[in-house]
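K.L.:
model this:
(chains A, B, C and D)
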2 protein chains.
Amino acid sequence: MSDDAALTTALRRGTIEYCVLALLDKRELYGVELVQQLSTGLGMTTSEGTMYPLLSRLRRNGRIATTWREAPAGPPRRYYTLTPDGEAALTHFRTEWVVFRSGVDRILGTEL
Amino acid sequence: MSDDAALTTALRRGTIEYCVLALLDKRELYGVELVQQLSTGLGMTTSEGTMYPLLSRLRRNGRIATTWREAPAGPPRRYYTLTPDGEAALTHFRTEWVVFRSGVDRILGTEL
DNA sequence: TGCCTATACCTTGCGACGCAAGGTACCTTG
DNA sequence: CAAGGTACCTTGCGTCGCAAGGTATAGGCA
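P.N.:
Down below sits the predicted model:
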């Protein structure tokens, strides 16, 4: 694994989860679609080996709900949506993130 | 452990390391001092159980150097300074961080 | 001298989680 | 009905922040 990949992997810890919630806040998505959107959403490239365990955790914690739907072609897809708990968690995280981001910016001198 | 603490713990992953380098870029510091500065530096509260293994890693990777100095009172202190490799790593991380931060901001809708 | 406290450094064991790799099931196409 | 594509899921590993506990040095004070 390249150093760059390892570096951003460490950064992703703790944020991927909420990026998923934020994407689901716009519209329902299924697993593979989430991986794709995060990859092209910039800087959050990830894999199915990360996504599916993550989605299981979020479901177990009651932050997302899921329904199977037929696909136009290929196997059925499991679509995810935010629960009220998920919305609350996302809202809370946004403020935590802003505080954290500001702290890091101040220490690194990357503010503005 | 409270949920808030767990949340920010996850966020710290991958950034504490470079916050330490950034502090050492200003002036040499010893272990306990680093823990204190990060705590009052906001949002990066951590403990010695995190700091000392981290400092060992950084030393092993050649990013920091160390010298023992007598203290005005109490046991001797191990002061740390940045190596050229450490400076390079810090510079590189600053740009990685800005990219990552922007990506998260865009996804969460917390930009500006 | 002997004890107590403060300071500073370090180690051990645990838990969480992102990831690579591998596996299963469904559907379409030739 | 075989082959390939899509989508879901699991296993095992490595990393790292942390709580808790341990060791050593120095100064204060009886």
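
K.L.:
get me the contact residues on chain A for DNA strand C.
P.N.:
A:1, A:5, A:9, A:12-14, A:16-17, A:45-50, A:53-54, A:57, A:73-76 (C-beta under 7 Å from any atom of the strand). All C-beta atoms are positioned from the backbone trio N, CA, C, and that covers glycine.

K.L.:
quick one: which of those residues sit in helices?
P.N.:
The helices, defined by DSSP state H, take in A:5, A:9, A:12, A:16-17, A:48-50, A:53-54, A:57 from the residues of chain A next to DNA strand C.

K.L.:
check contacts around residue A:68.
P.N.:
By C-beta atoms under 8 Å, 6 or more residues apart in numbering or on different chains, residue A:68 lies in contact with A:76-79.

K.L.:
got the contact list for the helix or strand that contains residue A:106?
P.N.:
Using DSSP states H and E, the element containing residue A:106 is helix A:84-108. Residues outside helix A:84-108 that contact it (C-beta under 8 Å, 6+ apart) are A:15, A:18, A:21-22, A:24-25, A:58, A:61-64, A:82, A:110-111, B:4, B:7-8, B:11, B:15, B:18-19, B:22-23, B:38, B:41-44, B:93-94, B:97, B:101, B:104-105, B:108-110.

K.L.:
select only the buried ones of those residues in ChimeraX?
P.N.:
To isolate the buried ones among these in ChimeraX, judged by 16 or more other C-beta atoms under 10 Å in any protein chain shown, type:
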select /A:15,18,21,22,24,58,63,64,82,110 /B:7,8,11,15,18,19,22,23,38,41,43,44,93,97,101,104,105,108,110
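
K.L.:
which one of the residues in chain A is closest to DNA strand D?
P.N.:
residue A:31 (2.9 Å; C-beta to the nearest atom of the strand).

K.L.:
and that residue, how far is that from residue B:29?
P.N.:
45 Å (C-beta to C-beta, to the nearest Å).

K.L.:
and if you look at residue A:111?
P.N.:
Relative to residue B:29, and taking C-beta to C-beta, residue A:111 is found at 22 Å.

K.L.:
swap in residue A:15?
P.N.:
28 Å.

K.L.:
surely residue A:81 is in a helix?
P.N.:
No. The assignment for residue A:81 by DSSP: H, G, I helix; E, B strand; the rest coil gives strand, which leaves it out of any helix.

K.L.:
report the contact partners of it.
P.N.:
Neighbour list for residue A:81: A:24, A:28, A:64-67 [criterion: C-beta under 8 Å, 6+ apart].

K.L.:
now it, which residues is it bridged with?
P.N.:
residue A:65 (DSSP bridges).

K.L.:
in the helix or strand that contains residue A:37, what counts as buried?
P.N.:
Secondary structure assignment for residue A:37, by DSSP H and E: helix A:31-40. Neighbour-count burial for helix A:31-40 flags A:31, A:34-35, A:37-38 (criterion: 16+ other C-beta under 10 Å).

K.L.:
still on that earlier bit, wait, isn't the residue of chain A closest to DNA strand D in contact with residue A:48?
P.N.:
Yes. Counting by C-beta atoms under 8 Å, residue A:31 does reach residue A:48; the two are 6.9 Å apart.

K.L.:
so what's the backbone phi/psi at the residue nearest to residue A:38 when sequence neighbours are not counted?
P.N.:
Nearest residue to residue A:38, sequence neighbours excluded (C-beta to C-beta, 6 or more residues apart in numbering or on different chains): residue A:44, at 4.2 Å. The phi/psi pair for residue A:44 (degrees, to the nearest 10) reads phi -120, psi 30.
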